[in-house]
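Quick check, what structure comes out for this input:
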Amino acid sequence: MKTDNRPLFFAAALLAGLSLNAADWSQYRGPNIDGTTAEKISTQWSVGGPKALWKVPTPSGFGSFVVSGGKACTIITRLQDGAPQETLVALDANTGRELWAANLAAVAKYDGGGDSGAEPNKGGDGGRSTPAVDGERVYTLSSHLVLACFDVKSGQRVWSHDVLKEFGGKNIRWQNAASPLIDGNLVYVAGGGAGQSLLAFNKTDGKLAWKTGTETITHSTPVAATIHGVRQVIYFTQSGLVSVAAQTGAPLWKQAFKFAVSTAITPIVGGDIVYCAAGYGVGSGAYKISKSGSDFTSTELWRIIGNQPVANHWSTPVYKEGHLYGMFQFKEYGNGPLKCVELATGKVKWEKAGFGPGNVILVDGNVLALSDAGELVLATGTPTEYKELARAKAVTGKCWSTPVLSNGRLYVRSTKEGACLDLSPKTAAR
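Sure, this is the predicted structure:
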């Protein structure tokens with residue numbers, strides 16, 4: 001008797017296809033360093049929302065989760081000897097069980113008369129940075145600009161650099177909020193003094209790879225991108241955008257951009273166009289990067305001044321097919337809109353109120369947004385209209401973090417709790 005194995009073959013092929021798209025989310029802005037993933041998720045949620053596989057306390061912090069090798073890491077605030085400390089915690093990604101914790105630094109005291117959104121007399125809402133995982137190591141950049149590398153299995157410190165002390169740096173208002181960037185064999189940070197403000201270290205042994213620049217940092221995390229065939233790292237500093245060769249730190253191009261009070265989004269690269277923005281009345285701009293021989297130039301395409309209609313503070317948008325999707329607003333807590341903006345012109349294509357200063361990622365071409373109140377919204381990533389696919393309450397507390405997708409599971413956190421939600425596709429094999 002001949003057995004028909006076609007159903008089993010098709011099921012295996014389907015699972016293999018899904019696994020090819022699944023990926024760890026190992027650093028801020030994800031596997032592609034741009035807030036996007038090709039993973040597929042369920043777009044039809046039950047009335048109660050996606051199933052929560054676990055929830056754990058994540059007190060005080062605006063950093064996001066990173067997920068790699070079965071571990072979910074983030075930075076929280078934990079009392080040590082009666083004093084609040086920035087603390088790196090590693091959780092079992094499947095259960096939420098804490099595996100280990102490592103102290104980073106005393107929680108910074110934030111000034112600014114409430115601009116941080118901090119609760120009165122609480123000294124701020126904890127650290128703003130997100131860790132990064134690469135293989136057997138996890139990297140952190142504390143609010144006091146200490147770059148540290150830990151063993152991801154044990155939590156033991158492998159090496160560290162105090163950027164302020166070793167490189168003559170000076171911290172900024174509200175302290176550091178940038179995350180370490182890993183690209184290739186290097187980890188990139190900023191915060192040093194004259195001639196050494198931009199820094200790259202060997203990710204394995206922590207040895208300095210290069211130092212350059214006399215730039216004053218902002219709260220922005222740098223981004224790595226390939227433009228006109230050249231791999232480069234773009235820093236968003238108080239003087240504007242500064243691009244350097246990734247492996248050597250050699251200067252490639254600069255673009256002046258106004259600074260006022262605080263700049264926090266990561267620059268967005270769409271082909272040969274780079275977008276940046278800031279709050280406090282600064283606004284936004286897009287710049288076309290050109291290359292002639294070995295020389296780069298930056299040319300302004302458009303510039304919009306003010307907090308409306310196109311501005312971002314720390315809510316970093318995502319890019320898809322000539323358009324930006326994200327929370328374009330400034331201090332519109334609870335009500336700021338999600339917008340679609342044409343990158344080449346700055347034209348707003350559509351907007352939907354009710355999100356506040358949360359964050360978005362792009363999942364299989366759709367926009368997955370986490371509002372500042374912890375509401376999760378899935379919308380189509382098209383410029384024609386806002387079309388909502390699903391909505392659910394994810395966590396309580398203040399969410400100025402970014403949702404993270406890894407292997408069909410969404411990891412979200414607030415200043416109160418973190419959760420793992422099942423968003424895996426429910427498509428049955430045929």
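
Next SSE downstream of the helix or strand bottoming out on mean pLDDT in the chain?
Within the chain, confidence by mean pLDDT, DSSP states H and E is lowest for helix 6-21 among all helices and strands, at a mean of 42. Using DSSP states H and E, the helix or strand that directly follows helix 6-21 along the chain is strand 36-37.

next helix or strand past that following strand?
That would be, after strand 36-37 and using DSSP H and E, strand 52-57.

Which positions in that following strand come out as buried?
52-56 (16 or more other CB atoms under 10 Å). Quick note: C-beta positions are derived from backbone N, CA and C, even for glycine.

What of stretch 215-232?
215-225, 227, 232.

One more: stretch 384-392?
Buried-residue list, stretch 384-392, by 16+ other CB under 10 Å: 386, 390, 392.

Show residues contacting that stretch.
Residues outside stretch 384-392 that contact it (CB atoms under 8 Å, 6 or more residues apart in numbering): 43-45, 48-50, 338, 340, 349-352, 366, 375-380.

can you check stretch 43-59 too?
Contacts for stretch 43-59 (CB under 8 Å, 6+ apart): 42, 74, 76-78, 91, 94-96, 98, 126, 366, 376, 378, 389-395, 409-410, 413-423, 426.

what's the span of that stretch from first residue to last?
Start-to-end span of stretch 43-59 (CA to CA, to the nearest Å) is 30 Å.

so how far is that stretch from its chain's centroid?
Chain-centre distance of stretch 43-59: 21 Å, with CA atoms, centre = their mean, to the nearest Å.

thinking again about what came up before, Throw the buried residues of strand 52-57 into a markdown table and include distance to G30 and pLDDT, thanks.
Listed next are the buried residues of strand 52-57 as a markdown table, based on distance: CB to CB, whole Å; pLDDT from 0 to 100:
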| residue | distance to G30 | pLDDT |
| --- | --- | --- |
| A52 | 22 | 97 |
| L53 | 20 | 97 |
| W54 | 21 | 98 |
| K55 | 22 | 98 |
| V56 | 22 | 98 |
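
any idea which of the residues you listed is closest to F65?
For these, the minimum distance to F65 (CB to CB) is 10.9 Å, reached by V56.

if I look at that closest one, how far off is V138?
According to CB to CB, to the nearest Å, V56 stands 18 Å off from V138.

So I289: helix, strand or coil?
strand (DSSP: H, G, I helix; E, B strand; the rest coil).

OK, contacts around it?
I289 touches 227-228, 243, 253, 272-274, 296-298, counting by CB under 8 Å, 6+ apart.

And those, which is closest to I172?
Once CB to CB is applied, the member of the contacts of I289 that ends up nearest I172 is S243, at 21.0 Å.

contacting residues for the closest one?
Contacts of S243 (CB under 8 Å, 6+ apart): 227, 232-235, 251-254, 289, 296.

doesn't T297 make contact with Y287?
No: counting by CB atoms under 8 Å, Y287 stays clear of T297, with 9.7 Å between them.

Now do the same contact list for the closest residue to A256 other than its chain neighbours.
Excluding the flanking residues, the one nearest A256 by CB to CB, 6 or more residues apart in numbering is G240, at 4.4 Å. Residues counted as contacts of G240 (CB under 8 Å, 6+ apart) are 254-257, 259, 276.

Those residues: which two are farthest apart?
Maximum distance among those (CB to CB): 13.7 Å, for K254 and F259.

list the residues that contact both of those two?
239-240.

Could you grab the helix/strand/coil label for the residue nearest to G354 when sequence neighbours are not counted?
Nearest non-adjacent residue to G354, counting by CB to CB, 6+ apart: N335, 6.1 Å away. Secondary structure, three-state DSSP: N335 is coil.
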